[in-house]
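Asker: Output the structure for:
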Amino acid sequence: MKKLGFGMMRLPTTDPQDNSAVDYEKVKKLVDAYMERGFNYFDTAFKYCGGNSETAVRKAVVDRYPRDSYILTTKLSNEFMHSKEEQEQTFTQQLEKLGMDYVDYYLLHNQGAVNYKVSQELDSFAFIQGLKEKGLVKHIGMSYHDNAELLDEILTAHPELDVVQLQINYLDWDNESIQSRKCYQVCRKHGKPVLVMYNYQHDLTRIQQRFGKYSPENPSGVRELKTASDMEDWNAGKIPVAATQPASTGHGLNLQQGGSTIIWFGLNWSLELYEQANARLWRQGQKETVVVHHLVVKGTMDEQVMRALHEKAADQNALLAAVKARIQNTKSDQ
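Answerer: Residues are numbered from 1 along each chain as shown. Coordinates of the predicted model:
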């Protein structure tokens with residue numbers, strides 16, 4: 001997943017005084033420009049744009065792009081609800097407005113001191129967990145706007161949540177009233193395991209110097225995946241940060257049970273190694289969305305390597321498409 005999401009909270013309108021008068025044709029153009037540049041993550045909510053944001057998603061995205069080409073988050077705005085039944089009714093309406101059978105991420109909207117009490121009274125966490133068990137949503141979570149202490153309390157009480165959406169303004173990173181840094185750190189405390197790809201031994205040394213090296217006395221340190229025991233512990237969720245060399249784990253290993261986040265500390269020129277290494281997590285049996293991060297330093301060879309990988313992938317896909325078309329034409333001629 002690339003890192004720029006398309007927020008559907010404020011959209012072009014045909015009437016500047018009415019945020020519900022969405023200009024759907026302009027939204028389509030914005031979506032096309034976004035998708036053409038390789039992005040695919042959309043965020044909406046039931047109450048955005050006077051209730052018309054989800055309709056805009058259907059008209060601009062769902063009706064015009066294949067389902068597997070985009071990722072969608074929407075939210076349950078329960079602050080004005082008075083019964084559990086309203087949650088079910090609202091979710092049904094959302095699916096209808098979106099024109100979808102399921103959503104990728106479903107979040108409890110705007111959780112904080114006030115709305116968290118509403119979610120407790122309506123048993124909203126159990127409700128969204130039930131949707132996930134039915135296959136109607138793939139991942140559940142909440143958007144959060146409050147202090148770090150309450151966030152820690154909620155995540156401790158609800159470890160079933162897959163994701164937390166924070167509104168982080170880096171200018172307010174250390175602002176005590178907003179607590180961006182503290183909220184981020186709480187999310188990391190309750191976070192998922194991370195697999196780091198490195199190329200050279202000195203890369204691994206630097207990583208372990210910064211985050212600590214694994215040992216029985218330091219179980220949270222960075223652990224290199226080398227032995228069968230390492231792989232078993234990773235898949236059992238016992239390793240918070242693992243490091244591996246792509247050439248040694250690039251083929252055949254099943255690591256999808258242990259995590260869904262990959263960080264490329266050092267990029268590799270080889271498209272085969274790059275794709276095969278990512279496929280250790282992004283493969284059959286993976287239950288989460290796999291997120292691949294690349295550490296790219298501006299103005300260095302990193303940018304050239306990243307560009308080369310994208311170009312090789314495009315050439316490879318074009319070749320495969322041409323071969324597939326040739327095979328289909330041959331079958332048609334027969």
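Asker: Could you tell me which helix of the chain is the longest one?
Answerer: Longest helix in the chain by number of residues, with DSSP state H as the criterion: helix 301-333.
Asker: which stretches of the stretch 151-300 of the chain have low pLDDT?
Answerer: 170, 192-193, 249-252 (pLDDT under 70).
Asker: For it, which segments count as strands?
Answerer: Ranges of strands in the stretch 151-300 of the chain, per DSSP state E, counting those that start in this stretch, are 163-166, 194-197, 223-224, 241-244, 261-264, 291-294.
Asker: could those strands go into JSON lines alongside mean neighbour count?
Answerer: Heads up, the C-betas are built off the backbone N, CA and C, glycines and all. Shown next, in JSON lines, are those (neighbours: other CB atoms under 10 Å):
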{"stretch": "strand 163-166", "mean neighbour count": "18"}
{"stretch": "strand 194-197", "mean neighbour count": "24"}
{"stretch": "strand 223-224", "mean neighbour count": "20"}
{"stretch": "strand 241-244", "mean neighbour count": "23"}
{"stretch": "strand 261-264", "mean neighbour count": "20"}
{"stretch": "strand 291-294", "mean neighbour count": "16"}
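Asker: Out of those, flag the one nearest Glu149.
Answerer: Judged by CB to CB, the one of the strands of the stretch 151-300 of the chain that comes nearest to Glu149 is strand 163-166, at 14.5 Å.
Asker: The closest one packs against which elements?
Answerer: Contacts defined by 3 or more CB pairs under 8 Å, 6 or more residues apart in numbering; DSSP states H and E place strand 163-166 against strand 103-111, strand 137-144, helix 180-189.
Asker: Count the neighbours of Ile140 for me.
Answerer: Ile140: 23 surrounding residues under other CB atoms under 10 Å.
Asker: need the contact list for Tyr24.
Answerer: By CB atoms under 8 Å, 6 or more residues apart in numbering, Tyr24 lies in contact with Ala56, Lys59, Ala60.
Asker: quick one: which of those is most hemmed in?
Answerer: Ala60 (26 neighbours).
Asker: and the longest helix of the chain, how far out from the chain's middle?
Answerer: For helix 301-333, the separation from the chain centroid amounts to 26 Å (computed by CA atoms, centre = their mean, to the nearest Å).
Asker: Correct me if wrong: Thr55 contacts Val22.
Answerer: Yes. If you go by CB atoms under 8 Å, Thr55 and Val22 touch, sitting 7.5 Å apart.
Asker: Mind checking which of those two has more residues around it?
Answerer: Per other CB under 10 Å, whichever of Thr55 and Val22 has more neighbours is Val22, with 24 against 19.
Asker: For Tyr105, name its beta-bridge partners.
Answerer: Going by DSSP bridges, Tyr105 is paired in beta bridges with Thr73, His139.
Asker: ok, it - contacts?
Answerer: Contacts of Tyr105 (CB under 8 Å, 6+ apart): Ile71, Leu72, Thr73, Thr74, Val137, Lys138, His139, Ile140, Gly141, Asp162, Val163.
Asker: Using PDB, list the CA coordinates for stretch 259-272.
Answerer: Output in PDB follows, covering the C-alpha atoms of stretch 259-272 (Å, rounded to 0.1, in the frame of the first residue of the first chain):
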ATOM      1  CA  GLY A 259       3.200 -10.400  10.500                       C
ATOM      2  CA  SER A 260       2.100  -8.200   7.600                       C
ATOM      3  CA  THR A 261       4.600  -5.300   7.600                       C
ATOM      4  CA  ILE A 262       7.900  -5.300   5.600                       C
ATOM      5  CA  ILE A 263      10.500  -2.500   5.800                       C
ATOM      6  CA  TRP A 264      13.300  -2.400   3.100                       C
ATOM      7  CA  PHE A 265      16.200  -0.900   5.000                       C
ATOM      8  CA  GLY A 266      18.500  -1.400   2.000                       C
ATOM      9  CA  LEU A 267      17.100  -1.800  -1.500                       C
ATOM     10  CA  ASN A 268      18.100  -4.500  -4.000                       C
ATOM     11  CA  TRP A 269      18.600  -4.100  -7.700                       C
ATOM     12  CA  SER A 270      17.100  -7.600  -8.400                       C
ATOM     13  CA  LEU A 271      13.400  -7.600  -9.100                       C
ATOM     14  CA  GLU A 272      13.300 -11.300  -8.500                       C
END
